[in-house]
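[1] structure, please.
(one chain, ligands or ions: 3)
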Amino acid sequence: MLVEADEAVCTFRFLDLVGTQIDQCSIRSTPLDEPETALVPAGAAWRFKDDGSNQGTAWRAAGFNDTTWASGPAQLGYGDGDEATTIAGGPSTNHFVTSYFRTTFQVANPADFRRVRLQLLRDDGAAVFLNGQEVVRDNLAANATSSTFALAAANADENLWHPYDVAPAQLVAGTNTLAVEVHQSSATSSDVSFDLRLTGFLRGTALVARGTTWKYLDTGVDPGPAWTSAAFPDAGWASGAAPLGYGEGDEQTVVSFGPNPLQRPITTWFRATFQVANPSALQAVRLALQRDDGAVVWINGREAYRDGLVRTSTASTQAGYDRLAPEENAYAETLLDPRLFLAGTNVIAVEVHQFDAQSDDLSFDLELSGL
Ligand SMILES: [Ca+2]
Ligand SMILES: [Ca+2]
Ligand SMILES: [Ca+2]
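    Ligands and ions are numbered 1, 2, ... in the order given. So this is what the prediction gives:
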């Protein structure tokens with residue numbers, strides 16, 4: 001592992017036994033304040049059904065009519081004294097097993113979020129459904145019915161926020177519905193607790209969007225060391241929208257590998273420009289890179305990221321790893337030092353290297369987001 005550090009950023013570069021860089025990450029001396037939005041805050045208002053009834057499965061659906069249910073803010077429950085809304089639990093020696101909760105929230109565009117975190121406070125067990133799909137099951141058997149107790153009593157963890165990741169694709173534009181069933185651990189357990197927070201982490205400001213148009217050089221002829229610089233003349237290069245590459249059929253722009261499929265160029269070069277209004281306001285820049293097979297990303301002539309290549313690579317250096325699905329289609333993420341970026345026009349230059357001259361596929365796209 002190579003470590004570079006100064007007063008603002010510490011960067012770790014992980015190398016395998018032959019020197020191929022296999023991962024890179026940077027941490028800041030001050031914690032990253034990731035832009036987020038509270039989709040469902042703690043203490044939100046929920047509809048609830050607390051009469052010991054069996055609601056089956058229809059109540060989980062977005063379109064279920066819950067207007068006859070009671071409502072109140074979380075924390076909901078009984079028995080601890082910390083509830084904002086006390087719900088009915090039935091006889092103390094024969095408590096209701098299951099209580100039901102529903103709420104809705106608005107999302108303008110699910111694609112605004114790169115990740116969504118759900119935090120669940122539950123006593124004792126719970127299952128959470130988002131727009132009718134189960135997203136969390138915590139301390140509750142997979143085949144639980146309304147008469148199934150939680151797997152164990154929540155004791156020390158009854159007041160903790162249990163974290164889960166939810167795929168942003170499970171959100172819908174417009175009204176979203178959360179439906180939660182909370183189960184007691186026994187008929188004599190003295191308490192029930194429920195609260196839930198849902199937080200969306202935003203993509204940040206798009207500096208370079210996926211699908212951007214790039215200049216590219218697909219002749220296999222090394223453009224020389226100046227190709228990463230702003231002044232380099234790339235007017236003669238071809239241009240096309242990402243994803244660029246060949247061999248998989250999902251390319252927006254198909255690049256050439258020359259006349260001989262057994263002697264394909266090892267390296268293909270890409271360049272683009274983008275604007276940054278105020279780089280000193282950036283905490284970090286998130287790079288999300290799709291690459292088959294290896295790549296080096298240069299920002300304004302300085303190396304920003306390297307993946308699957310030795311640090312001494314040249315135009316003829318083969319990538320150390322053959323990227324296969326799903327890795328070849330994934331967007332590997334890392335945080336870049338914001339000091340690489342300039343006010344005004346910036347140049348990004350990316351070299352993508354093949355695993356070998358017979359590799360039948362090449363893929364490239366990327367995204368830069370300012371945080
Ligand atoms: Ca309990
Ligand atoms: Ca409680
Ligand atoms: Ca390949």
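[2] do you know how far residue 55 is from ligand 3?
    52 Å (Cβ to the ion, to the nearest Å). Backbone N, C-alpha and C define where each C-beta goes, glycine included.
[3] isn't that residue right next to residue 101, touching?
    No - with contacts counted by Cβ atoms under 8 Å, residue 55 stays clear of residue 101, the gap being 10.9 Å.
[4] pick out whichever of those two has more residues nearby.
    Higher neighbour count among residue 55 and residue 101: residue 101, with 26 against 18, using other Cβ atoms under 10 Å.
[5] spit out the residues that contact residue 55 and residue 101 alike.
    Here residue 55 and residue 101 have residue 181 as joint contacts, going by Cβ atoms under 8 Å, 6 or more residues apart in numbering.
[6] what residues does the stretch 51-200 of the chain put near ligand 1?
    Taking Cβ under 5 Å from the ion, the part of the stretch 51-200 of the chain that reaches ligand 1 is made up of 123, 124, 189, 191.
[7] possible to save those residues as TSV with neighbour count?
    Formatted as TSV, these follow (neighbours: other Cβ atoms under 10 Å):
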residue	neighbour count
123	28
124	25
189	20
191	20
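[8] and the residue of the stretch 101-250 of the chain that's closest to ligand 3?
    Scanning the stretch 101-250 of the chain for the residue nearest ligand 3 gives residue 247, at 7.2 Å (criterion: Cβ to the ion).
[9] list the contacts for that residue?
    So residue 247 contacts 360, 361, 362 (Cβ under 8 Å, 6+ apart).
[10] filter those residues by proximity to ligand 3?
    Filtering these for proximity to ligand 3 (criterion: Cβ under 5 Å from the ion) leaves residue 361.
[11] between the contacts of residue 247, which is closest to residue 142?
    The shortest approach to residue 142 among these belongs to residue 361, at 38.9 Å (Cβ to Cβ).
[12] mind listing what that closest one touches?
    The contact partners of residue 361, by Cβ under 8 Å, 6+ apart, come to 245, 246, 247, 248, 292, 328.
[13] which members of those are the farthest-apart pair?
    The largest separation in those, counting by Cβ to Cβ, is between 246 and 328 at 12.4 Å.
[14] check contacts around the residue of the stretch 51-200 of the chain found nearest ligand 1.
    Closest approach between the stretch 51-200 of the chain and ligand 1, counting by Cβ to the ion: residue 189, at 3.5 Å. Neighbour list for residue 189: 95, 124, 153 [criterion: Cβ under 8 Å, 6+ apart].
[15] restricted to buried residues, select the contacts of residue 361 in ChimeraX.
    A single ChimeraX command selects the buried members of the contacts of residue 361 (16 or more other Cβ atoms under 10 Å):
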select :245,246,247,248,292,328
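[16] among the contacts of residue 361, find the lowest-pLDDT one for me.
    By pLDDT, residue 328 ranks lowest within those, coming in at 85.
[17] so it sits against residue 292, correct?
    Yes - Residue 328 is within contact range of residue 292, at 4.1 Å (criterion: Cβ under 8 Å).
[18] picking up where we left off before, just read off the phi/psi values of the residue of the stretch 101-250 of the chain closest to ligand 3.
    Residue 247 adopts backbone torsions of phi 100, psi -10, taken as degrees, to the nearest 10.
[19] where in the stretch 201-350 of the chain is pLDDT low?
    Applying pLDDT under 70 to the stretch 201-350 of the chain flags no residue at all.
[20] neighbours of the closest residue to residue 213 other than its chain neighbours, how many?
    Distances taken as Cβ to Cβ, 6 or more residues apart in numbering put residue 241 closest to residue 213, at 4.9 Å, once the chain neighbours are dropped. Residues lying near residue 241 (other Cβ under 10 Å) number 14.
[21] residue 241 contacts residue 209, correct?
    No - between residue 241 and residue 209 there is no contact under Cβ under 8 Å: 10.4 Å.
[22] for this structure, what lies in contact range of ligand 3?
    292, 293, 359, 361.
[23] what residue ranges in the stretch 1-150 of the chain are flagged as low confidence?
    For the stretch 1-150 of the chain, no stretch has pLDDT under 70.
[24] looking at it, which residue is nearest ligand 3?
    Nearest residue of the stretch 1-150 of the chain to ligand 3, counting by Cβ to the ion: residue 20, 15.2 Å away.
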